[in-house]
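>>> Show me the folded form of this:
(chains A and B)
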Amino acid sequence: MYKALIISIILFSLKLQGQNPDNVITIDQKTYALYLDEDWEQLLVEGKKALDNGFDFFYLRVRMGIAAFEMHNYHLAIQHFEKARKFNLESELVNEYLYYAYLYSGQYLKAKKMSRNFSEFLKSKTGNDTIPFITEADFFFNYHLSDDTTTSENFLFIPIENGDQFTTKNHRLILLKLQHDVFPGIVIQHGFTNISHQSFAYEKKDTTARFNDKYVSQINQYFLTMSAAIQYHWQIRFGFHYIHIKSPLDPESTGMNPGRMRPSSVINHQFSTFFTLQRSFPYVHTNLSFYYSTLNNFRQIQTDLLVSTYPFGNLNLYSNTNLTTIFEYNSMSQSNRVSLYQDLGVKLFKNTWLEGFVNLGEVKNQMAAMGEIVYNSDNSYDFQVGSRIFVMLGQHMKIFSEYKYIDAHSVFNPKTEQPNILNPIYYNIHSLTGGIQWKF
Amino acid sequence: MEILKKLIATSFITILFLSFQARGQENVIAAFKDSYAFEKDGEYAKAIEKIKSVYEVDSYEANLRLGWLNYLSGQFYESIGFYSKAISIYPYAIEARFGMAYPAYALGKIDDVMTQYLKIIEIDPQNTLANYRLGLIYYGKGNYEKAEACFEKVVNLYPFDYDSLLMFAWTKLKLQKFREAKVLFNKVLIYNPGDASATEGLQYVK
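I've put the predicted structure just below:
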């Protein structure tokens, strides 16, 4: 970022008589001298003193904004540059600094929305004169390996006549996601996910029990979201997620004894639609999301409250706390669930970030990541803990890997309403994810 | 007799009027005096109140003073308002226009600052302060041709003035008029041997 020539009022200064109490001229002299010396910390101290004493002017805010920017406190820089803009909307210097402060603090949509009103020169300088059709592409691969040792012996004492139970063996997921900037400040993201999910399946039908230790469902998903920066510090996001599940169908009965399932298939369609409202504050972003889903023969009404904090005003240290509440119901039963996700991220090296995360509370039939992820296995995740690492390789590419440990359990799903949980089977899952992101 | 009575009455009224005028002037002087004292102590709000206590909308001095005090205390829009009033009272007074440039600058309204300096130069084409400051603005905007014209006027009137010589030299350098830039930087070094800015400028010329 260049440092433009900022002509100070000092060049226009008059000699003041006697002692110089604080006024616009003395404040300008002090802050300009600190600006020239690049004493950013002291500049912010003197500037804050001036603001506390009721002095506020364009070049004071510009210098304080530059000081904060140079100290990589982009949230503070944004506050000062936004104030400077209120004095003078047309300053290209301020607009350029504010644009980059938004970008470096992760506020992509706001930065792009702002660029709509840039001069042609500034658009060209910031790379906003042309918008590629695809602005970002992501590819993820995930593999779940469970230590489940379920056999038919786990199902000897189920007193209910009709129902089923599935316990995850392994799971492979591939996701391809694309982002399109349809207009500065408005983006569309969509993605296609293919999942191959292997379970140990048990079904009881009219006293006949069947099992399949290689029960494989093929799941194809498509999601579409649109995000837009609206007034001031608000953003909205909405979209839908369609899930197409192809599962083996139960075979003819072989009598009282457990028998092998004859592969045939059944198609199941599931949907989720969602809306998110985001509000940015200095050092804190909040998201409130609402979902309506039809996962696994239930209806879910889900609310997420996500609070992201940036103590240093940048991405050197950050945390995300997400509280999920779900009300789930069908004709037979209803239930409420609450879960809490917490992560902490830190910049380890110049281009490397490390995150640790934990998820408490039962996760089942749940949406996550503002509609991009669906937990629609009919097993519950009781506890999750893990870590991720991100590495930026140049301007365009980011690679990512994650390990997650999951405590899970399955239960018998009766076809008729039952008061108690039946036949819980507990197991653990080791989940590995890798991915690449490319920004065009 | 009647004429004498009228004469006495008129004289009485005139004397009364003049005494009120004199008392009014005394109040204004006292208010300005107190205002200067408050300004010296940094009590700008009190300084402003003093002037407002004797304020008349068509008083150039009061409007000028309030323009300045409001600027010092950071009330830029109020300052501009009072300076505008002063300018409307005396449109050819460059003093008020110079004053107006300060709050306009503090608000980042460079174009408004330029408008005032251009008007000053229209009234007083050889005004060195206006030419110098306008030259600085043009230089900052990268308009070196116009900056050159402004600095040249000042240097023609003050050939051995440090500030204008130095800015004239840098402007010549930006315009790639290296021989002239070299001459000017050397003149600055005559004025101030070892001058850091002139020394740096000469490096670019080489």
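
>>> show me the contacts for A:F357.
By Cβ atoms under 8 Å, 6 or more residues apart in numbering or on different chains, A:F357 lies in contact with A:341-344, A:384-388. Just so you know, the C-beta spots here come from the backbone N, C-alpha and C atoms, and that holds for glycine as well.

>>> Direction included, what does the helix or strand where it lies pair up with?
Assigned by DSSP states H and E, A:F357 belongs to strand A:352-363. Strand A:352-363 has the following strand partners under DSSP bridges: strand A:334-349 (antiparallel), strand A:380-393 (antiparallel).

>>> what's the most buried one of these?
strand A:380-393 (a mean of 17; mean count of other Cβ atoms under 10 Å in any protein chain shown).

>>> Past it, which element shows up next along the chain?
Next helix or strand after strand A:380-393 toward the C-terminus (DSSP H and E): strand A:397-410.

>>> Show me the shaky parts of chain B.
Low-confidence segments of chain B (pLDDT under 70): B:16-23.

>>> List the residues that contact residue 146.
No chain was given, so I picked chain A. Residues near A:S146 by Cβ under 8 Å, 6+ apart: A:167-170, A:408, A:427-430.

>>> actually it's chain B I care about, not the one you picked
Neighbours of B:K146 in contact, by Cβ under 8 Å, 6+ apart: B:135, B:138.

>>> let's see 7 Å
Going by Cβ atoms under 7 Å, 6 or more residues apart in numbering or on different chains, B:K146 touches B:Y138.

>>> Might you enumerate the residues of chain B proximal to chain A?
Proximity of chain B to chain A, by Cβ under 7 Å from any Cβ of the partner chain, involves residues B:40-42, B:71-74, B:76, B:102, B:105-109, B:133, B:136, B:140.

>>> Among the residues you listed, name the buried ones.
Among the residues of chain B next to chain A, the ones that count as buried by 16 or more other Cβ atoms under 10 Å in any protein chain shown are B:42, B:71-74, B:76, B:102, B:105-109, B:133, B:136.

>>> Quick one: the strands in the stretch 201-350 of chain A, in order.
For the stretch 201-350 of chain A, the strands defined by DSSP state E, counting those that start in this stretch occupy A:208-229, A:234-248, A:259-260, A:265-281, A:284-293, A:299-309, A:317-329, A:334-349.

>>> export those strands to JSON lines and tack on mean pLDDT?
Formatted as JSON lines, these follow (pLDDT from 0 to 100):
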{"stretch": "strand A:208-229", "mean pLDDT": "90"}
{"stretch": "strand A:234-248", "mean pLDDT": "93"}
{"stretch": "strand A:259-260", "mean pLDDT": "56"}
{"stretch": "strand A:265-281", "mean pLDDT": "93"}
{"stretch": "strand A:284-293", "mean pLDDT": "96"}
{"stretch": "strand A:299-309", "mean pLDDT": "97"}
{"stretch": "strand A:317-329", "mean pLDDT": "97"}
{"stretch": "strand A:334-349", "mean pLDDT": "95"}
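
>>> ok and the residue in chain B nearest chain A?
Nearest to chain A in chain B, going by Cβ to the nearest Cβ, is B:G42, at a distance of 2.6 Å.

>>> mind putting the strands paired with strand A:352-363 in CSV, distance to A:P311 included?
Formatted as CSV, the strands paired with strand A:352-363 follow (distance: least, Cβ to Cβ, whole Å):
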stretch, distance to A:P311
strand A:334-349, 11
strand A:380-393, 19
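
>>> Of the ones you listed, give the one that comes closest to A:Q42.
strand A:334-349 (25.5 Å; Cβ to Cβ).

>>> Can you show me the CA trace of that closest one as CSV?
C-alpha atoms of strand A:334-349 as CSV (Å, rounded to 0.1, in the frame of the first residue of the first chain):
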residue,chain,number,x,y,z
GLN,A,334,-41.1,-34.1,18.7
SER,A,335,-37.9,-33.1,20.5
ASN,A,336,-35.6,-30.2,21.2
ARG,A,337,-31.9,-30.1,20.9
VAL,A,338,-29.2,-27.6,21.7
SER,A,339,-25.5,-27.8,20.7
LEU,A,340,-22.6,-25.5,21.0
TYR,A,341,-19.7,-25.1,18.6
GLN,A,342,-16.5,-23.3,19.6
ASP,A,343,-13.3,-22.7,17.8
LEU,A,344,-10.2,-20.6,18.2
GLY,A,345,-7.9,-19.7,15.4
VAL,A,346,-4.4,-18.3,15.5
LYS,A,347,-2.0,-17.2,12.8
LEU,A,348,1.1,-19.4,13.3
PHE,A,349,3.3,-18.1,10.5
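
>>> Show me what that strand is in contact with.
For strand A:334-349, contacts defined as Cβ under 7 Å, 6+ apart pick out A:315-328, A:353-363.

>>> Tell me who's in contact with A:V216.
A:196-198.

>>> ok, now B:E61?
Here B:E61 is in contact with no residue (Cβ under 7 Å, 6+ apart).

>>> and the buried ones among the residues of chain B next to chain A, which of them are in helices?
In this view, these that belong to helices under DSSP state H are B:71-72, B:76, B:102, B:105-106, B:133, B:136.

>>> can you name the two of those residues that are farthest apart?
Farthest pair in these, by Cβ to Cβ: B:L72 and B:L136, 22.0 Å.

>>> From the contacts of strand A:334-349, list just the buried residues.
Buried among the contacts of strand A:334-349 (16+ other Cβ under 10 Å): A:315, A:318-320, A:322, A:324, A:326, A:328, A:353, A:355, A:357, A:359, A:361-363.

>>> Tell me how far A:Y381 lies from chain B.
To chain B, A:Y381 is 55 Å away according to Cβ to the nearest Cβ, to the nearest Å.

>>> Give me the most central residue, chain B.
Nearest to the mean C-alpha position of chain B, by Cα atoms, centre = their mean, lies B:F98 at 2.5 Å.

>>> which residues does that one contact?
By Cβ under 7 Å, 6+ apart, B:F98 lies in contact with B:I120.

>>> Any chance of the backbone angles for it?
phi -60, psi -40 (degrees, to the nearest 10).

>>> what's the spacing between A:A137 and chain B?
Counting by Cβ to the nearest Cβ, the gap from A:A137 to chain B is 40 Å.

>>> Please identify the helix or strand for that residue.
Per DSSP H and E: strand A:136-146 holds A:A137.

>>> what pLDDT, on average, does that strand get?
For strand A:136-146, mean pLDDT rounds to 95.

>>> the inter-axis angle of it versus strand A:397-410?
Calculated by axes from the mean of the first three to the mean of the last three Cα atoms, to 10 degrees, strand A:136-146 forms an angle of 30 degrees with strand A:397-410.

>>> ok, of the contacts of A:S146, which come out buried?
A:167-170, A:408, A:427, A:429.

>>> hmm, back to that, could you say what helices and strands the next helix or strand after the strand holding A:F357 packs with?
Next along the chain after strand A:352-363, taking DSSP H and E as the criterion, comes strand A:366-368. If you count contacts as 3 or more Cβ pairs under 7 Å, 6 or more residues apart in numbering or on different chains; DSSP states H and E, strand A:366-368 packs onto strand A:373-375.

>>> Partner strands of the strand it packs on and their direction?
Strand pairing (DSSP bridges) places strand A:373-375 next to strand A:366-368 (antiparallel).
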